[in-house]
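>>> build me a model from this:
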Amino acid sequence: MKKTIQSLAIITLGCFLFAFTVNTFLISNKMGQGGISGLSMMLFYLTGIPMSLFYFLLNGILLIFGFKFLDKKTLLYTIYSIVITSLFLSTTTFWTYTFQDPILITVVVGVLVGISIGIILSAGGSTAGLDIIALILRKYFHIPTSVSLFSLDLFIIVPSLFIIGFEKMVYTLIMLAITTKTIDYILEGFNVKKSVTIISEHYEAIAEHISLHIPRGITILSGTGYYTKAQKHILFIVIGRNQLLKLTRIVNKIDPTAFMTISDVHSVLGEGFTFNKH
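Reported below is the predicted structural model:
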C-alpha cells in the first residue's frame with residue numbers, strides 16, 4: 001500500500017507538470033505537440049472546445065483497446081493518469097506565458113514534457129494515449145519506449161502544419177526530439193559512460209598501462225576468431241567520457257593495429273561507480 005501511494009504521488013506530480021507545461025507554454029504560444037495531447041490541441045484550435053475534454057475522450061477510446069495488453073497495475077495507473085491529467089488540464093488554463101524566441105520554447109517545453117512523461121513512466125504509469133501503444137510495443141516487441149513515441153508522434157505532428165503553420169510544425173519536431181532524449185535520461189539514468197572492448201595480441205601490456213594511468217577495473221574475456229579459429233583475449237572496460245582520449249592513446253601507442261569498439265552506456269551500477277570498495 002505504501003509503495004502504491006508513493007507511485008500515485010509521483011504520477012500525480014508528473015501529470016501536473018505535463019498539464020502545466022501544455023497550458024502555460026504550448027497553448028499560450030499556439031504550438032503543436034505529439035501524441036493524443038497534440039491531437040487534442042489541434043482539435044481545440046479548430047473548435048474552441050476545451051482540450052481537456054478531447055484528451056479525456058480520445059484516451060478513453062484508446063484505453064478500450066489497451067486494457068487487454070496492459071497488466072492490471074499499469075492499467076489502473078493509466079486510468080488514474082487520464083483522469084488526473086484531464087483535471088489538471090482543465091484547472092491550469094489561467095497560466096500563460098508568451099515566448100519571444102521560438103527556439104527557447106522548444107528547449108523549455110521539450111525538457112519539461114520529457115521530465116513529466118519520464119516521471120510517470122518510471123512510476124509504472126502512463127500519460128495514456130500513444131503511450132499505451134508504446135508500452136504494448138515495449139512489452140511484446142521490445143521496442144524502446146522513446147523510439148515508439150517518436151515514430152507515432154510523427155503521424156500527429158506532420159499534419160498539424162495545416163493548422164499551426166510550417167515553421168511551428170518544424171519547431172514541434174525539434175521539441176519532440178528533445179523530449180525523446182529527456183525521456184531516455186529519466187528512464188535510463190544520467191550516469192552516461194563509455195564501454196570499450198579491445199582485442200589485441202598485446203593485451204597484457206595494454207591492460208597494465210591502463211591500470212597504471214586510468215583507475216578503472218579491467219575484465220579479460222576469452223574468445224575465438226571465426227575465420228582463423230585462433231584464441232583471442234578481449235579486454236573490457238567501462239570508463240568516463242573524459243578518460244576515453246587517454247585510453248585511446250594508450251592502446252594506439254602499444255598496438256596501433258588493435259581492434260577496439262566504443263559504446264555508450266547510459267547507466268552504470270557497482271564498484272567504482274556507485275560505491276567504492278573499502
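>>> output the worst-scoring helix or strand of the chain on mean pLDDT as CSV, restricted to C-alpha atoms.
When each helix and strand of the chain is scored by mean pLDDT, DSSP states H and E, helix 130-141 comes last, with a mean of 73. Extracted in CSV, the C-alpha atoms of helix 130-141 (Å, rounded to 0.1, in the frame of the first residue of the first chain):
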residue,chain,number,x,y,z
LEU,A,130,0.1,6.8,-27.7
ASP,A,131,2.0,5.9,-24.5
ILE,A,132,-0.4,2.9,-24.2
ILE,A,133,0.7,1.8,-27.7
ALA,A,134,4.3,2.4,-26.8
LEU,A,135,4.0,0.3,-23.6
ILE,A,136,2.4,-2.5,-25.7
LEU,A,137,5.3,-2.4,-28.2
ARG,A,138,7.9,-2.4,-25.5
LYS,A,139,6.2,-5.3,-23.7
TYR,A,140,5.7,-7.6,-26.7
PHE,A,141,8.2,-6.4,-29.3
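>>> identify the residues contacting that helix?
34-36, 62-63, 65-66, 69-70, 74, 78, 117, 121, 126, 143-145, 148-149, 152-153, 156 (Cβ atoms under 8 Å, 6 or more residues apart in numbering). For every residue, glycine as well, the C-beta is placed using N, CA and C.
>>> tell me the buried residues within those residues.
34-36, 62-63, 66, 70, 74, 78, 117, 121, 126, 144-145, 148-149, 152-153, 156 (16 or more other Cβ atoms under 10 Å).
>>> among these, which are in helices?
35-36, 62-63, 66, 74, 78, 117, 121, 145, 148-149, 152-153, 156 (DSSP state H).
>>> now stretch 193-206: buried residues?
So, applying 16+ other Cβ under 10 Å, buried residues of stretch 193-206: 193, 194, 196, 198, 199, 200, 202, 203, 206.
>>> before we move on, what about stretch 49-56?
Buried residues in stretch 49-56 (16+ other Cβ under 10 Å): 51, 52, 53, 54, 55, 56.
>>> equivalent analysis for stretch 66-83, please.
66, 70, 74, 75, 77, 78, 79, 80, 81, 82.
>>> quick one: low-confidence parts of the chain?
For the chain, the stretches with pLDDT under 70 are 68-71, 127-128, 131, 135, 145-146, 188-192, 242, 266-278.
>>> residue boundaries of the strands in it?
193-199, 219-224, 231-239, 259-265 (DSSP state E).
>>> give me the contacts around the longest helix that the chain contains.
In the chain, taking DSSP H as the definition, the longest helix is helix 166-188. Contact with helix 166-188 is made by 30-34, 38, 102-103, 105-107, 109-111, 113-115, 117-119, 121-122, 145-147, 149-150, 153-154, 157-158, 160-161, 164, 266-267, as judged by Cβ under 8 Å, 6+ apart.
>>> ditto for stretch 53-63
In contact with stretch 53-63 (Cβ under 8 Å, 6+ apart) are residues 36-37, 39-40, 43-44, 78-79, 82-83, 85-86, 89, 128-130, 132-133.
>>> swap in 10 Å and give it another go.
If you take Cβ atoms under 10 Å, 6 or more residues apart in numbering as the criterion, stretch 53-63 is touched by 19, 22, 35-37, 39-44, 47, 50, 66, 70, 75, 78-79, 81-83, 85-87, 89-90, 126-133.
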